[in-house]
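K.L.:
the amino acid sequence is not available; the structure is as follows:
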Ligand code: ADE
Ligand code: ZN
């Protein structure tokens, strides 16, 4: 199959994005604009100097820069502008549904009110729905380098607004911060009816994936790429249909994999695990959703069936209602068939 034609298929298919941190969509240009608007001095001379600093040895090196970059986000309008810019960029990639993480603790620790963050994000998501028909879910993440007590305090602050949240997640530095550290917090969230996801098996061991499933009772694993260190776990993920939201360019940038052609995405897909492709922190890792799919197509030699399965999985693994999942999957099937017929006619 002509690789350029497959790239066209990647671009035209409607897609769901299930793993994107809104703070990770802060492009350097916007970081400078917001710094100026809020009279904050950045430790970089200009956009080029900032971009030149985007070489990360590991997850922690990235997180240090990422949390300091987020300090330019202060007002409700800042969070609105950030979120709407992501939605516009995602819409250009034919993302029709996005499940978005935000890290309230990164902002409340600096004195920004929880409701300021939430109002800005949700106003932009409502506007994106009106403008583009894009649907979304909002997932509140707890920072795992902080304590469980601090997580409970955040849940308490969020309590009046739970109707605007669709679930909870767990992110930040994985090493030394196992899922069990948050067992009681996630049990409380479950009791409140909030479904959970967690980053696991990105830098942490495969056992963190098992613990996220068994202790935190998560519905999806974010990253999860180290599952292949435990063949029984891969079998379990496939059997139980637990999705992995994989972020290939992130994995490459953070040295989770040394080369994209050595990524286990395709092996997992062919083993029957419900893997999806996502962008994580696209402003920092060199690409949005289509860039991730295109890079995988090239490095892993994805064929049209692989692409269609990955895109079908993005809806399957989403928190859309079943009728909406089916509607989008039918649409993906229809567009893919049209594309195939066109290829045969050429
Ligand atoms: N927060 C933002 N991006 C992250 C990642 N890749 N892993 C853990 N926490 C994150
Ligand atoms: Zn992530």
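P.N.:
That came through fine. Keep in mind that this is a model prediction, so the values were computed, not measured. Ligands and ions are numbered 1, 2, ... in the order given.
K.L.:
what sits up against the longest helix anywhere in the chain?
P.N.:
If each helix of the chain is counted by residues according to DSSP state H, the longest one is helix 322-345. Helix 322-345 has contacts (C-beta atoms under 8 Å, 6 or more residues apart in numbering) with 1-2, 5, 8-9, 12-14, 16, 96-97, 135, 304, 308, 311-312, 315-316, 318, 320. To be clear about C-beta, it is placed using only N, CA and C from the backbone, and glycine gets the same treatment.
K.L.:
chain center to it: distance?
P.N.:
Distance of helix 322-345 from its chain centroid, counting by C-alpha atoms, centre = their mean, to the nearest Å, is 24 Å.
K.L.:
avg pLDDT for it?
P.N.:
Mean per-residue pLDDT for helix 322-345: 96.
K.L.:
can you check stretch 64-76 too?
P.N.:
Mean predicted confidence for stretch 64-76 is 97.
K.L.:
and the stretch 201-346 of the chain, which residues reach ligand 1?
P.N.:
Residues of the stretch 201-346 of the chain lying close to ligand 1 (C-beta under 6 Å from any ligand atom) are 202, 250, 280, 281.
K.L.:
wasn't residue 208 part of a helix?
P.N.:
Yes. Using DSSP: H, G, I helix; E, B strand; the rest coil, the assignment for residue 208 is a helix.
K.L.:
count the residues that sit near it.
P.N.:
Residue 208 has 26 neighbours, counted by other C-beta atoms under 10 Å.
K.L.:
for residue 269, same thing?
P.N.:
22.
K.L.:
how near is it to ligand 1?
P.N.:
Separation of residue 269 from ligand 1 (C-beta to the nearest ligand atom, to the nearest Å): 21 Å.
K.L.:
and that residue, what pLDDT?
P.N.:
98.
K.L.:
quick check: chain neighbours aside, which residue is closest to it?
P.N.:
Leaving aside its sequence neighbours, residue 269 sits nearest to residue 275 (C-beta to C-beta, 6 or more residues apart in numbering; 5.2 Å).
K.L.:
quick one: contacts for the one you found?
P.N.:
Residues near residue 275 by C-beta under 8 Å, 6+ apart: 243, 244, 246, 265, 268, 269, 310, 313.
K.L.:
just residue 200 next, same as before
P.N.:
Contacts of residue 200 were listed using C-beta under 8 Å, 6+ apart, and they are 170, 174, 179, 208, 209, 211, 212, 218, 221, 222, 223, 224.
K.L.:
show me what the helix or strand of the chain with the lowest mean pLDDT is packed up against.
P.N.:
Of all helical and strand segments in the chain, the minimum by mean pLDDT, DSSP states H and E falls on helix 3-12, at a mean of 94. For helix 3-12, the elements it packs on are helix 289-300, helix 304-316, helix 322-345, judged by 3 or more C-beta pairs under 8 Å, 6 or more residues apart in numbering; DSSP states H and E.
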